[in-house]
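> the following comprises the amino acid sequence and a computationally predicted model.
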Amino acid sequence: MNKYQNKVKLLNRETSLEFLPNLSKKLGPKIYIKRDDEGGRGGGGNKLRKYERIIADALAKNCDRLIIAGHFQSNAARELVGAACQLNLDSVVVCKSMIPEQNPTFNKNGNALLMHLMNANIVEVGKEDDFQFEMEKVANALISEGKKPYIIPFGGSNLLGSLGYVDCANEIIEQFHNIEGKSPNYVITPTGSGGTMAGLIAGFALGKTETKVIGFSVLHKDKTIENIVTELTKEIVESHGNDHNISWDFELDTTFVGDGYGIPTDKGQKAIKSLAELEGLFLCPVYTSKAMSGLIDYINKNKITKDETVVFIHTGGMPLVHAYYDSFEKEHQH
């Protein structure tokens, strides 16, 4: 197990688990929020848990350049640049437009602005270009200069990255037990590249809890993501060397994506307003708002009942709120 435990420290402590009294009162069930938006440098977010082991692997291989693919508003890219600054490493972001530009400043505001402030090295490629091919091209150019590059997997969603969310599940089990004396009935997460969800499912299964993880897809609208999550969960459980009788149960809902990745939904925008007004907390239009709108819908349809307990994973992305400023103006005009 030691090779999987090698980590660089990007999170200074466990992230908070907070009860949401006003949202709980409005909706019925007891709802808690796991504040993975608050940890670490570079603006916080769920990728920092993933990078703790991924960057440790890069350093163990004596690599001196971290390469990631993303779009101009990518949380993953912004968090990687921040982690690289903190650790005094060089990073390269291979960037393309994955989201239709929402407004004239879309590629200069939000995460793009923060990456600019951190002096990120951004290599812009065409919309149709293949990320993996372009990252390898950058890596080969660096190798020819005598550098040792390390390519970060998309979304940090490989075995090493996903183990960060086994850590998170363990934190939740302990924190929730201290508050409620049991494990939560449900953990809700936005699901993009799949690693966060797979780590949580494996973590609660390995912890022998009855907690069910429900993921709301923000990227894939088909079975692709379910297959990714299932395979990754198996790989994580097997990496722990436990018997393979460990069972798990999860649900993955692809009906809250809306028109596509990064395109706000009406229900998502309402969820952002609702959480801001009720709790003074900010979700983002790309990830957390879509998952929260799914949770609200499940409670309204009694799929999650009033006597059950829920933990919502806040995966971060507050800088995205600024990039989508005009979508709230439109909402205000409705």
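Perfect, I can see it now.

> the stretch 1-150 of the chain: helices as residue ranges?
Taking DSSP state H, counting those that start in this stretch to define them, one finds helices in the stretch 1-150 of the chain at 2-5, 21-27, 47-60, 75-86, 110-117, 131-144.

> I meant the stretch 201-334 of the chain, not that one.
Going by DSSP H, counting those that start in this stretch, the stretch 201-334 of the chain shows helices at 224-239, 266-279, 288-300, 318-323, 325-333.

> residue ranges with poor pLDDT in the stretch 101-250 of the chain?
Residues of the stretch 101-250 of the chain that meet the criterion pLDDT under 70 lie in 243-244.

> for residue 201, list the residues it contacts.
Applying CB atoms under 8 Å, 6 or more residues apart in numbering to residue 201 gives the contacts 213, 229, 233, 248, 250. All C-beta spots, glycine's among them, are computed from the backbone N, C-alpha and C.

> so what's the fourth one closest to, chain neighbours aside?
Looking back up the chat, that one is residue 248. residue 205 (3.9 Å; CB to CB, 6 or more residues apart in numbering).

> distance of residue 12 relative to residue 144?
38 Å (CB to CB, to the nearest Å).

> what of residue 257?
Taking CB to CB as the criterion, residue 257 is separated from residue 144 by 40 Å.

> among these two, which residue is more densely surrounded?
residue 257 (20 against 8; other CB atoms under 10 Å).

> hang on, that one packs against residue 289?
No - judged on CB atoms under 8 Å, residue 257 makes no contact with residue 289 at a distance of 11.9 Å.

> tally up the residues packed near residue 258, please.
Count around residue 258 with other CB under 10 Å applied: 18.

> now swap in the one 5 residues further on and tell me
Other residues near residue 263 come to 16 when the count uses other CB under 10 Å.

> same deal with residue 213?
30.

> which residues does it bridge with?
Beta bridges link residue 213 to residue 187, residue 250, judged by DSSP bridges.

> give me the angle between the helix ranked longest in the chain and helix 224-239.
Counting residues, the longest helix found in the chain (DSSP state H) is helix 159-180. Using axes from the mean of the first three to the mean of the last three CA atoms, to 10 degrees, the inter-axis angle of helix 159-180 relative to helix 224-239 is 80 degrees.

> name the member of the contacts of residue 201 with the most neighbours.
Most crowded among these, counting by other CB under 10 Å, is residue 213 at 30 neighbours.

> that residue contacts residue 200, doesn't it?
Yes - using CB under 8 Å, residue 213 is in contact with residue 200, at 4.9 Å.

> mutual contacts of the two, please.
The contact lists of residue 213 and residue 200 share 187, 189, where a contact means CB under 8 Å, 6+ apart.

> buried set for stretch 172-190?
Residues of stretch 172-190 classed as buried by neighbour count (16 or more other CB atoms under 10 Å): 172, 173, 175, 176, 183, 184, 185, 186, 187, 188, 189, 190.

> any idea how far the third one is from residue 130?
When distance is defined by CB to CB, residue 175 is 41 Å away from residue 130.

> how is this protein divided into domains?
2-45+157-333, 47-156 (automatic domain parsing).

> tell me the spatial nearest neighbour of residue 322, not counting adjacent residues.
residue 110 (4.8 Å).

> near the one you found, how many other residues are there?
Look at residue 110: counted by other CB under 10 Å, it has 28 neighbours.

> make TSV from the contacts of residue 201 and add distance to residue 30 to it.
TSV is the format used below for the contacts of residue 201 (distance: CB to CB, whole Å):
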residue	distance to residue 30
213	17
229	26
233	27
248	23
250	21
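
> which one of those residues is nearest residue 8?
residue 233 (24.7 Å; CB to CB).

> for residue 96, find the nearest of the helices of the stretch 201-334 of the chain.
helix 318-323 (16.1 Å).

> residues making contact with the closest one?
If you take CB under 8 Å, 6+ apart as the criterion, helix 318-323 is touched by 37, 43-44, 73, 75, 78, 102-103, 105-106, 109-114, 272, 282, 284-287.
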